[in-house]
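Chemist: Generate coordinates for the sequence data below:
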Amino acid sequence: MLRMLAAVGALFGGLALLGLYAFQSLLIYPASLNDGRGYCAKPNEHNMPDYEELFLNTDDGESIQCYVLKHDPASANYTNKTVLILSPNAGNIGHGLPIVSLFYLDFGYNVVIYSYRGYGKSSGLPLEIGLKLDAKRIMQHITSDDEQLRASSLVLYGRSLGGAVSIYIAAQFSAAVLGLILENTFLSIPKTVPHIFPLLRYVTAFVHQKWESELLVPAIPAEIPVLLLSARNDEIVPPAHMDSIFQLLQSSDKEMVKYERSAHNDTVLQPGYWEKIHEFIQRKVQPFGR
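Modeler: This is a model prediction of the structure:
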């Protein structure tokens, strides 16, 4: 009887591990959550009528939806700065338009935002290798396809999963990046799993979506200024991950702002959050003061 129970336990344990391996992408990239694959609002619905909606083809044949919003470069108030927004893992770029509005209308920056593959109107299925191809294609557009964006100073703004994508871009395409803003991002997915699912701490070897940012952070050049925004009551990413990222950064101009009462998803609502971001871009990213 004991042998039978052990065999049954091993069978169910094996099935659980198989399920974790096979379906983890649905947990890490919940593309359908918050109607992420449904209606996608457009910038003109948020008082931003001058925009481009593009569908960029990746090296592996997927089509990536993005919004590009640019100011008139002939204007006396033109800042000549572009913010590339790297989104969290839920929703689509329509849900990010209030943040686009802040950067574009309130601060006066050009903005690029795109839906990862499998999100919004982008084709494909989200996986780490594919999201990196998406990032490569977006950077090709910014640095090669679009003359105005190519001539501007690029700032990366990444939240949670978007922070991992930002770190990848800053390490791999560093020559094009003049500023980096990270909010509540992680050292790696395997190191984050035990914080969310304590019972899975012993099976993180089965996590194949790794996003090992801790290996890329030291490769970000020292001349790129970095701002870290950390929720100290984060229920998803241990705040210690942000502390470690700060220590690993080689940047000669790095700063961390800690929000003691903030959880993972409400950091953008904390007092002074947006003022700090605006100040960072104005003072740390050329041309200074804009």
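
Chemist: to the chain's geometric centre, what's the distance from stretch 147-165?
Modeler: Remark: stretch 147-165 is offset 9 Å from the chain centroid, using Cα atoms, centre = their mean, to the nearest Å.

Chemist: C-alpha coordinates for it, CSV please?
Modeler: What follows is stretch 147-165, C-alpha atoms only, in CSV (Å, rounded to 0.1, in the frame of the first residue of the first chain):
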residue,chain,number,x,y,z
GLU,A,147,14.7,59.8,-39.3
GLN,A,148,13.2,62.0,-36.5
LEU,A,149,13.4,59.4,-33.8
ARG,A,150,16.9,58.5,-34.9
ALA,A,151,18.0,62.1,-34.3
SER,A,152,16.5,62.2,-30.8
SER,A,153,17.7,61.2,-27.4
LEU,A,154,16.2,57.8,-26.4
VAL,A,155,15.0,57.1,-22.9
LEU,A,156,13.7,53.6,-21.9
TYR,A,157,10.9,53.4,-19.4
GLY,A,158,10.1,49.8,-18.2
ARG,A,159,7.8,48.5,-15.5
SER,A,160,7.9,45.0,-14.1
LEU,A,161,8.4,42.7,-17.2
GLY,A,162,9.0,45.8,-19.2
GLY,A,163,12.0,46.5,-16.9
ALA,A,164,13.5,43.2,-18.0
VAL,A,165,13.0,44.1,-21.7
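
Chemist: List the buried residues of it.
Modeler: The neighbour-count check on stretch 147-165 (16 or more other Cβ atoms under 10 Å) flags 148-149, 152-165 as buried. For glycine as for every other residue, the C-beta is placed from the backbone atoms N, C-alpha and C.

Chemist: tally of neighbours for Asp266?
Modeler: By the measure other Cβ atoms under 10 Å, the count of residues near Asp266 is 13.

Chemist: so what's it up against?
Modeler: Applying Cβ atoms under 8 Å, 6 or more residues apart in numbering to Asp266 gives the contacts Ala231.

Chemist: Now do the same for it: its pLDDT.
Modeler: On pLDDT, Asp266 comes in at 97.

Chemist: For it, what are phi and psi?
Modeler: The phi/psi pair for Asp266 (degrees, to the nearest 10) reads phi -110, psi 10.

Chemist: quick one on the thing from earlier: tell me which of the buried residues of stretch 147-165 is nearest to Glu62?
Modeler: Each of those was checked against Glu62 using Cβ to Cβ; the closest is Val165, at 15.4 Å.

Chemist: contacting residues for the residue lying closest to that closest one once chain neighbours are set aside?
Modeler: Nearest non-adjacent residue to Val165, counting by Cβ to Cβ, 6 or more residues apart in numbering: Leu86, 4.5 Å away. If you count contacts by Cβ under 8 Å, 6+ apart, Leu86 has them with 135, 156-159, 161-163, 165-166, 169.
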